[in-house]
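Novice: For reference, the sequence and a predicted model appear below.
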Amino acid sequence: MTKKVTTPEVADQPQAGAAQQMTDVDAATERRLVALYTLQLVDSEIDKIQIIRGELPQAIQDLEDETAGLQTRIGNFKENIAEQNANIAKRNSEIAEHEAMIKKYEKQQDNVRNNREFEAINKEIEFQNLEIQLCERRNRDSNNKIKELEQHISAAELLIKNCQTELESKKAELDSIIEETKKDEVRYRNKSAEQEKYIDEHYLAAYKRIRKQARNGLAVVTIDRDSCGGCFSKIPPQRQSEIKMHKKVIVCEHCGRMLVDDDIALKAHEQLQS
């Protein structure tokens, strides 16, 4: 029986292919890890720019909202004043009608035939005078209300003026900061978009989710003194060895942040500077 002999060249070919495939996988994973940490560095720089701006954007928004609220209040006051003026005009018309009725009744008094008719007409005149007095009293109340509303309008307009002065000052301050940091921000945002191209969609989604939940905005961290750079929990030696192999994305068992070693961090910093 003839024994089949496999030559070294044939035997080594599958092994070489597997090794090459493993190298490719590791290189792709390492590129992903570098991209993730570079993205973290870039986003952290953008965060610093936002911190430099401080609370100015929110303060500006609050002032704009306050100004809009005051303007709405002034509009309501003016509508109320218009309503009061309309009521005054209506009552003045009623007063004129009552006065005309009084003149009419006074003429009738000259032609009465007895005391009973005279008393009846006199009561009508008294009633018309009471109606006039009621209208005049209500007009005085309306005029007092108008004066009060005008005072509220003046106070609101003064507040608006103060708000606009402060608003212009804060906008100028923010514009100055934006102008100083715009060049860096544009560069970092372009760098961020560039790195995202090298990251799989599900890893990118996980990165953004972790970053949003983290108070300091860190989703990818290095190992610092055998501990997670995010939550400072100890990382077992075996876990650290796996991280250094760059074969997969490994997360902290305590906080869920993605972990990289110093080699990845160094390459990420070089990538950031390029």
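Specialist: Arrived safely, thanks for sending.
Novice: any chance you could map the strands in the stretch 151-274 of the chain?
Specialist: 220-224, 227-228, 250-251, 258-260 (DSSP state E, counting those that start in this stretch).
Novice: Check which residues of the first one are buried.
Specialist: Neighbour-count burial for strand 220-224, counted by 16 or more other CB atoms under 10 Å, picks out 220, 221, 222, 223. All C-beta spots, glycine's among them, are computed from the backbone N, C-alpha and C.
Novice: Could you do stretch 151-171 as well?
Specialist: 152, 153, 156, 159, 160, 163, 167, 170.
Novice: Now do the contacts for the fourth one.
Specialist: Contact analysis of residue 159 by CB atoms under 8 Å, 6 or more residues apart in numbering lists 66, 70.
Novice: start at 34 instead
Specialist: Taking 34 as the first residue, the last one we looked at is residue 192.
Novice: Compute the distance between it and residue 199, please.
Specialist: Spatial separation of residue 192 from residue 199 under the definition CB to CB, to the nearest Å is 11 Å.
Novice: Tell me the pLDDT of the residue most central in space within the chain.
Specialist: Nearest to the mean C-alpha position of the chain, by CA atoms, centre = their mean, lies residue 91 at 7.3 Å. Among the per-residue scores, residue 91 shows a pLDDT of 89.
Novice: one step back: I'd like the strands of the stretch 184-307 of the chain laid out as TSV, including distance to residue 96.
Specialist: Compiled in TSV, those are given as follows (distance: least, CB to CB, whole Å):
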stretch	distance to residue 96
strand 253-257	37
strand 260-261	42
strand 283-284	43
strand 291-293	40
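Novice: Reformat those as CSV; add mean pLDDT.
Specialist: Output for the strands of the stretch 184-307 of the chain, formatted as CSV (pLDDT from 0 to 100):
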stretch, mean pLDDT
strand 253-257, 94
strand 260-261, 94
strand 283-284, 94
strand 291-293, 95
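Novice: Measure how buried residue 146 is and give me the count.
Specialist: 7 (other CB atoms under 10 Å).
Novice: In which helix or strand does it reside?
Specialist: Assigning secondary structure by DSSP states H and E places residue 146 outside every helix and strand.
Novice: separation between it and residue 154?
Specialist: When distances are taken as CB to CB, residue 146 and residue 154 turn out to be 11 Å apart.
Novice: just residue 169 next, same as before
Specialist: 23 Å.
Novice: Which one's more surrounded, the two?
Specialist: With other CB under 10 Å as the criterion, residue 169 and residue 154 differ in neighbour count, and residue 154 comes out ahead with 18 against 13.
Novice: you'd agree that one is up against residue 143?
Specialist: No: checked against CB atoms under 8 Å, the pair residue 154 and residue 143 is beyond contact range at 10.1 Å.
Novice: Domain map for this protein?
Specialist: Under the assignment named as automatic domain parsing, the residue ranges that make up the domains of the chain are 42-85+233-307, 87-214.
Novice: if you compare these, which one is most tucked away?
Specialist: When the domains of the chain are scored by mean count of other CB atoms under 10 Å, the highest mean neighbour count falls to domain 42-85+233-307 (a mean of 16).
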